[in-house]
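> Return a 3D structure for these sequence lines:
(one chain, ligands or ions: 1)
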Amino acid sequence: MARCPDCNKFVGVDSSEEPQVDLNVDEQGNVDVTAEIANNCDQCGTTMFTGSLDGTVDASEIVEPDGMTLTAWLDTLTPAQKDSMELEVNESGTDRTDRYEGKGRGARHFYGCQVDFEVVLTYDNGNAEESKTFSGKWNDDMQASSMDQQ
Ligand SMILES: [Zn+2]
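Below is the predicted model of the structure:
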(Lines give C-alpha, C1' and ligand atoms only; values in the text may rest on other atoms or scores of the structure.)
Protein backbone atom coordinates (compact mmCIF):
# COMPACT_ATOMS: atom_id res chain seq x y z
CA MET A 1 0.00 0.00 0.00
CA ALA A 2 1.15 3.52 -0.76
CA ARG A 3 -0.45 6.94 -0.82
CA CYS A 4 -1.57 8.12 -4.26
CA PRO A 5 -0.97 11.88 -4.73
CA ASP A 6 -4.06 12.15 -6.95
CA CYS A 7 -6.53 10.01 -5.00
CA ASN A 8 -4.99 11.34 -1.78
CA LYS A 9 -5.48 8.04 -0.01
CA PHE A 10 -3.79 4.71 0.43
CA VAL A 11 -4.25 2.56 -2.65
CA GLY A 12 -3.07 -0.68 -4.17
CA VAL A 13 -0.43 -0.81 -6.86
CA ASP A 14 -1.07 -1.89 -10.44
CA SER A 15 2.12 -3.42 -11.86
CA SER A 16 0.73 -4.52 -15.23
CA GLU A 17 1.97 -1.61 -17.34
CA GLU A 18 4.20 -2.73 -20.22
CA PRO A 19 7.88 -1.97 -19.65
CA GLN A 20 9.70 0.46 -21.97
CA VAL A 21 12.51 -1.61 -23.44
CA ASP A 22 15.62 -0.56 -25.32
CA LEU A 23 17.87 -3.17 -26.98
CA ASN A 24 21.30 -2.87 -28.59
CA VAL A 25 23.52 -5.53 -30.11
CA ASP A 26 27.29 -5.13 -30.45
CA GLU A 27 29.73 -6.62 -33.01
CA GLN A 28 30.25 -9.73 -30.88
CA GLY A 29 26.52 -10.37 -30.71
CA ASN A 30 26.11 -9.38 -27.04
CA VAL A 31 22.80 -7.66 -26.34
CA ASP A 32 22.42 -4.75 -23.94
CA VAL A 33 18.97 -4.43 -22.42
CA THR A 34 17.48 -1.44 -20.64
CA ALA A 35 13.95 -1.59 -19.24
CA GLU A 36 11.92 1.10 -17.50
CA ILE A 37 9.14 -0.22 -15.31
CA ALA A 38 6.31 1.72 -13.72
CA ASN A 39 3.85 0.86 -10.97
CA ASN A 40 0.60 2.79 -11.03
CA CYS A 41 -2.27 3.58 -8.69
CA ASP A 42 -4.86 0.84 -9.12
CA GLN A 43 -7.66 3.40 -8.63
CA CYS A 44 -6.75 6.22 -11.04
CA GLY A 45 -3.74 4.95 -13.02
CA THR A 46 -1.34 7.71 -11.91
CA THR A 47 2.30 6.60 -12.08
CA MET A 48 3.49 6.20 -8.50
CA PHE A 49 6.82 4.39 -8.75
CA THR A 50 9.33 3.91 -11.54
CA GLY A 51 12.53 1.94 -11.83
CA SER A 52 15.29 1.26 -14.34
CA LEU A 53 16.74 -2.18 -14.95
CA ASP A 54 19.61 -3.03 -17.24
CA GLY A 55 21.91 -5.86 -18.15
CA THR A 56 23.70 -7.70 -20.92
CA VAL A 57 22.94 -11.06 -22.49
CA ASP A 58 26.07 -12.78 -23.75
CA ALA A 59 26.05 -14.01 -27.37
CA SER A 60 26.77 -17.51 -26.02
CA GLU A 61 23.26 -17.48 -24.46
CA ILE A 62 21.51 -16.44 -27.67
CA VAL A 63 20.57 -19.49 -29.72
CA GLU A 64 19.22 -20.68 -33.06
CA PRO A 65 16.17 -23.01 -33.05
CA ASP A 66 18.55 -25.98 -33.58
CA GLY A 67 20.55 -24.96 -30.51
CA MET A 68 23.63 -23.41 -32.10
CA THR A 69 24.69 -20.25 -30.29
CA LEU A 70 25.29 -16.88 -31.89
CA THR A 71 28.92 -17.02 -30.67
CA ALA A 72 29.44 -20.37 -32.41
CA TRP A 73 27.84 -19.05 -35.59
CA LEU A 74 30.01 -15.93 -35.68
CA ASP A 75 33.08 -18.16 -35.26
CA THR A 76 32.18 -20.01 -38.48
CA LEU A 77 32.23 -16.83 -40.59
CA THR A 78 35.24 -16.11 -42.78
CA PRO A 79 36.86 -12.65 -42.50
CA ALA A 80 35.11 -11.60 -45.74
CA GLN A 81 31.75 -12.79 -44.44
CA LYS A 82 32.39 -10.94 -41.18
CA ASP A 83 33.03 -7.73 -43.12
CA SER A 84 29.62 -8.03 -44.75
CA MET A 85 27.76 -9.05 -41.62
CA GLU A 86 25.00 -7.09 -39.95
CA LEU A 87 23.34 -7.79 -36.63
CA GLU A 88 19.93 -6.48 -35.69
CA VAL A 89 17.98 -7.01 -32.47
CA ASN A 90 14.20 -6.79 -32.04
CA GLU A 91 11.96 -7.23 -29.05
CA SER A 92 9.60 -10.18 -29.47
CA GLY A 93 7.71 -9.96 -26.19
CA THR A 94 7.72 -8.54 -22.68
CA ASP A 95 6.19 -9.58 -19.39
CA ARG A 96 6.08 -7.88 -16.04
CA THR A 97 7.26 -10.01 -13.12
CA ASP A 98 6.50 -9.77 -9.47
CA ARG A 99 7.71 -11.91 -6.55
CA TYR A 100 8.14 -11.94 -2.78
CA GLU A 101 11.18 -12.91 -0.77
CA GLY A 102 10.57 -13.94 2.80
CA LYS A 103 7.30 -14.31 4.64
CA GLY A 104 4.88 -12.25 6.72
CA ARG A 105 5.66 -8.68 7.79
CA GLY A 106 9.32 -8.94 6.74
CA ALA A 107 8.51 -10.07 3.19
CA ARG A 108 10.19 -8.03 0.50
CA HIS A 109 8.36 -7.36 -2.77
CA PHE A 110 10.33 -7.35 -6.03
CA TYR A 111 9.09 -5.93 -9.33
CA GLY A 112 10.69 -6.51 -12.70
CA CYS A 113 10.25 -7.73 -16.22
CA GLN A 114 11.19 -10.37 -18.70
CA VAL A 115 12.15 -9.47 -22.25
CA ASP A 116 12.23 -11.90 -25.18
CA PHE A 117 14.15 -10.82 -28.24
CA GLU A 118 15.42 -11.97 -31.62
CA VAL A 119 18.81 -11.27 -33.14
CA VAL A 120 18.99 -11.43 -36.92
CA LEU A 121 22.38 -12.07 -38.47
CA THR A 122 22.75 -11.32 -42.17
CA TYR A 123 25.91 -11.75 -44.19
CA ASP A 124 27.08 -12.32 -47.75
CA ASN A 125 28.17 -15.95 -48.11
CA GLY A 126 30.02 -15.18 -51.35
CA ASN A 127 27.08 -15.97 -53.62
CA ALA A 128 24.03 -14.69 -51.83
CA GLU A 129 22.84 -12.94 -48.71
CA GLU A 130 22.13 -15.34 -45.87
CA SER A 131 20.09 -14.64 -42.81
CA LYS A 132 19.87 -16.47 -39.49
CA THR A 133 17.54 -15.74 -36.60
CA PHE A 134 18.51 -16.34 -32.96
CA SER A 135 16.47 -15.87 -29.85
CA GLY A 136 17.35 -14.80 -26.35
CA LYS A 137 15.73 -13.69 -23.14
CA TRP A 138 16.57 -11.53 -20.20
CA ASN A 139 14.96 -10.77 -16.88
CA ASP A 140 15.72 -8.71 -13.83
CA ASP A 141 13.88 -7.14 -10.96
CA MET A 142 14.31 -4.72 -8.08
CA GLN A 143 12.95 -4.36 -4.60
CA ALA A 144 9.83 -2.19 -4.38
CA SER A 145 11.55 0.10 -1.87
CA SER A 146 14.36 0.80 -4.37
CA MET A 147 11.96 2.19 -6.96
CA ASP A 148 11.68 5.97 -7.34
CA GLN A 149 8.54 7.49 -5.90
CA GLN A 150 6.93 9.98 -8.31
ZN1 LIG B 1 -4.75 7.33 -7.58
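> The host helix or strand of Trp73 packs against which elements?
Taking DSSP states H and E as the criterion, Trp73 maps to helix 70-76. The contact analysis (3 or more C-beta pairs under 8 Å, 6 or more residues apart in numbering; DSSP states H and E) places helix 70-76 against strand 108-124, strand 129-143. (C-beta placed from N, C-alpha, C; glycine too.)
> how many neighbours does Val25 have?
23 (other C-beta atoms under 10 Å).
> Name the nearest residue to Arg3, sequence neighbours excluded.
Take Arg3 and drop its neighbours on the chain: the residue closest to it by C-beta to C-beta, 6 or more residues apart in numbering is Phe10, 5.5 Å away.
> So that neighbour lies in a strand, does it not?
Yes. The assignment for Phe10 by DSSP: H, G, I helix; E, B strand; the rest coil puts it in a strand.
> Not counting its own residues, what contacts the helix holding Trp73?
Contact with helix 70-76 is made by 28-29, 58-60, 62-64, 82, 85, 119, 121, 132, 134, as judged by C-beta atoms under 8 Å, 6 or more residues apart in numbering.
> With stretch 35-55 instead?
So stretch 35-55 is contacted by 2, 4-7, 11-15, 17, 19-22, 32-34, 94, 96, 111-113, 115, 138, 140-142, 144, 146-150 (C-beta under 8 Å, 6+ apart).
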